[in-house]
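A.B. asks: Sharing a sequence plus its predicted fold:
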Amino acid sequence: MSSFKLTKYQINTTLLVFTFVFLGLNLITTERDIQGNYDFQIRIISPKKYLRAHKFVNIVKDDDLPIIQPYICIRALNKVLDPIKYLLCVKNVKEDIISKGLVEEGKFEEEIVSIVSDCVKIYPQATFIDIGANIGLMSMAALANNNKVIAIEPMINNIAYISASAKLNRKSHLIRYFNNAISNTRMRLYAWEEKQSKNGGGTIFLTKEELDAKTTSIVDTVEISSIILEDVLDQVDTEEAIIKIDVEGFECKVLYDYLASEEKKVYIPYIVMEWLLVLRNEGNNCPNLPLVIQAFYDSGYEPFDTFKRGPLSKDRVLKYWNNILWVHRTARKIPLSETPLDKFTIYFANNVTMVI
């Protein structure tokens with residue numbers, strides 16, 4: 001009987017092949033990732049256990065997402081207060097203003113990213129709820145601190161970008177995706193956006209009647225289910241949650257019932273929200289603004305500006321602010337200023353400024 005023996009060369013070659021296979025399966029973040037050529041068909045294991053199934057919340061996993069080709073995946077850098085770094089996949093800079101800011105300057109809404117970063121650091125066990133997550137800029141800031149994240153985003157392509165970034169940061173096990181719109185009622189809604197808009201978060205959701213009444217053409221006829229904040233809080237498995245909300249003027253509808261209720265399901269020490277469209281009562285979605293503001297105060301929240309983090313008087317809240325940070329009086333405090341702003345210049349897109 002002849003015996004089978006491997007030469008030293010064959011043994012070394014076999015070991016080398018196994019080494020390359022092992023490295024290929026385990027190294028996810030590569031130079032190709034950074035250049036936007038990553039094969040996003042590779043699936044990362046989703047969280048093994050969700051809370052009870054919810055008939056309204058559309059929880060999507062990586063396998064449910066469309067395949068996307070990012071313009072580039074870059075390392076975003078936030079320089080305000082405590083610097084944080086993370087990878088973020090962006091869209092074509094000619095078509096998306098958020099991506100343009102990130103590619104050209106390495107940042108977008110830097111002051112909000114800093115607030116989110118500070119909040120999750122003093123509440124490391126809290127769930128970060130990113131309402132209107134877009135491509136996941138704020139979600140990645142929370143994941144950088146290893147907080148659990150719920151990203152709520154009605155546009156499935158945006159969720160695919162968030163998922164891609166979470167994979168590159170190796171944080172997929174910490175984030176869940178809810179493919180829903182959010183309001184104060186559960187209903188079917190339809191996406192509408194101005195044809196030439198480059199605001200990646202500028203899509204609004206209308207009823208069928210409202211959509212039919214629009215005279216301008218639509219970009220996408222996505223049909224989506226809206227949920228309410230209570231549905232989201234049912235899915236939170238931590239005692240605290242931090243909320244960032246940017247839903248194009250629907251903030252009042254989303255938050256009011258929670259604020260007005262005497263018993264809160266989840267303690268929310270910080271809420272950072274877009275404010276300008278709320279003040280304008282955009283789409284008549286916040287006709288009860290005085291009641292909403294009073295509900296914040298009655299629930300124990302105090303308002304701060306997001307630029308210098310100074311306190312806002314009740315009169316100043318009614319001025320044009322781009323964003324407001326609401327801080328619960330019992331919250332552990334992030335760095336805040338005790339000095340109210342005198343005058344401040346807000347810079348918008350297209351070189352528009354406003355002195356307030």
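C.D. replies: Received the coordinates, thanks. Residues are numbered from 1 along each chain as shown.

A.B. asks: Now do the phi/psi pair for the most centrally placed residue in the chain.
C.D. replies: Residue closest to the mean C-alpha point of the chain, counted by CA atoms, centre = their mean, is residue 133 at 2.8 Å. The phi and psi values for residue 133, taken as degrees, to the nearest 10, are phi -70, psi -20.

A.B. asks: tell me the contacts of it?
C.D. replies: 139, 151, 152, 153, 158, 159, 162 (CB atoms under 8 Å, 6 or more residues apart in numbering). Backbone N, C-alpha and C define where each C-beta goes, glycine included.

A.B. asks: Quick check: next helix or strand after the helix or strand bottoming out on mean pLDDT in the chain?
C.D. replies: The weakest-scoring helix or strand in the chain, judged by mean pLDDT, DSSP states H and E, is helix 31-34 (a mean of 34). With elements assigned by DSSP states H and E, the helix or strand that comes after helix 31-34 is strand 59-60.

A.B. asks: who are the neighbours of that next one, in terms of helices and strands?
C.D. replies: Contact partners of strand 59-60 among helices and strands, from 3 or more CB pairs under 8 Å, 6 or more residues apart in numbering; DSSP states H and E: strand 175-178.

A.B. asks: what lines up beside the strand it packs on in the sheet?
C.D. replies: Taking DSSP bridges as the criterion, strand 175-178 forms sheet pairs with strand 59-60 (antiparallel), strand 148-152 (parallel).

A.B. asks: what's next to it, contact-wise?
C.D. replies: With CB under 8 Å, 6+ apart, strand 175-178 has contacts from 47, 50, 57-61, 139, 143, 148-153, 159, 162-163, 166, 227, 232, 235.

A.B. asks: buried sites along it?
C.D. replies: Buried positions in strand 175-178, judged by neighbour count with 16 or more other CB atoms under 10 Å: 175, 176, 177, 178.

A.B. asks: wait, doesn't residue 252 sit right on residue 279?
C.D. replies: No - applying CB atoms under 8 Å as the test, residue 252 and residue 279 come out as separate, 10.5 Å apart.

A.B. asks: Give the residues shared as contacts by those two.
C.D. replies: Going by CB under 8 Å, 6+ apart, residues that sit against residue 252 and also against residue 279 are residue 289.

A.B. asks: Looking at the two, which is more packed in?
C.D. replies: residue 252 (24 against 17; other CB atoms under 10 Å).

A.B. asks: Could you write me a ChimeraX select line covering just the buried ones among the contacts of strand 175-178?
C.D. replies: Selecting only the buried entries of these in ChimeraX, with 16+ other CB under 10 Å as the criterion:
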select :57,58,59,60,61,139,143,148,149,150,151,152,153,159,162,163,166,227,232,235
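
A.B. asks: Quick one: the strands in the stretch 251-356 of the chain, in order.
C.D. replies: 267-274, 301-305, 323-328, 345-347, 353-355 (DSSP state E, counting those that start in this stretch).

A.B. asks: how about low-confidence regions in the stretch 51-200 of the chain?
C.D. replies: 51-54, 77-84, 193-200 (pLDDT under 70).

A.B. asks: 90 instead?
C.D. replies: The stretch 51-200 of the chain contains residues with pLDDT under 90 at 51-56, 74-86, 95, 101-108, 110, 188-200.

A.B. asks: and if you look at the stretch 251-356 of the chain?
C.D. replies: In the stretch 251-356 of the chain, residues with pLDDT under 90: 282-283, 307, 319-322, 340-356.

A.B. asks: all helices of it, in order?
C.D. replies: 251-260, 276-279, 289-298, 314-317 (DSSP state H, counting those that start in this stretch).

A.B. asks: now do the stretch 1-150 of the chain
C.D. replies: Under the criterion DSSP H, counting those that start in this stretch, the stretch 1-150 of the chain carries helices at the ranges 8-26, 31-34, 97-105, 110-122, 137-143.

A.B. asks: about what we covered before: any idea which of the strands of the stretch 251-356 of the chain gets closest to residue 119?
C.D. replies: Minimum separation from residue 119 across the strands of the stretch 251-356 of the chain (CB to CB) falls at strand 267-274, 4.7 Å.

A.B. asks: quick one: residue 340 and residue 314 touch, right?
C.D. replies: No - with contact defined as CB under 8 Å, residue 340 and residue 314 do not form a contacting pair (11.9 Å).

A.B. asks: Between these two, tell me which one has more neighbours.
C.D. replies: The residue with more neighbours, out of residue 340 and residue 314, is residue 340; 13 against 10, by other CB under 10 Å.

A.B. asks: residues contacting the closest residue in space to that one that isn't next to it in sequence?
C.D. replies: Here the nearest residue to residue 340 in space, its sequence neighbours aside, is residue 310; by CB to CB, 6 or more residues apart in numbering that works out to 4.9 Å. When contacts are counted by CB under 8 Å, 6+ apart, residue 310 touches 304, 336, 337, 338, 339, 340, 341.

A.B. asks: For the residues you listed, give me JSON lines that also has distance to residue 122.
C.D. replies: Formatted as JSON lines, the contacts of residue 310 follow (distance: CB to CB, whole Å):
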{"residue": "304", "distance to residue 122": "15"}
{"residue": "336", "distance to residue 122": "12"}
{"residue": "337", "distance to residue 122": "17"}
{"residue": "338", "distance to residue 122": "18"}
{"residue": "339", "distance to residue 122": "22"}
{"residue": "340", "distance to residue 122": "23"}
{"residue": "341", "distance to residue 122": "24"}
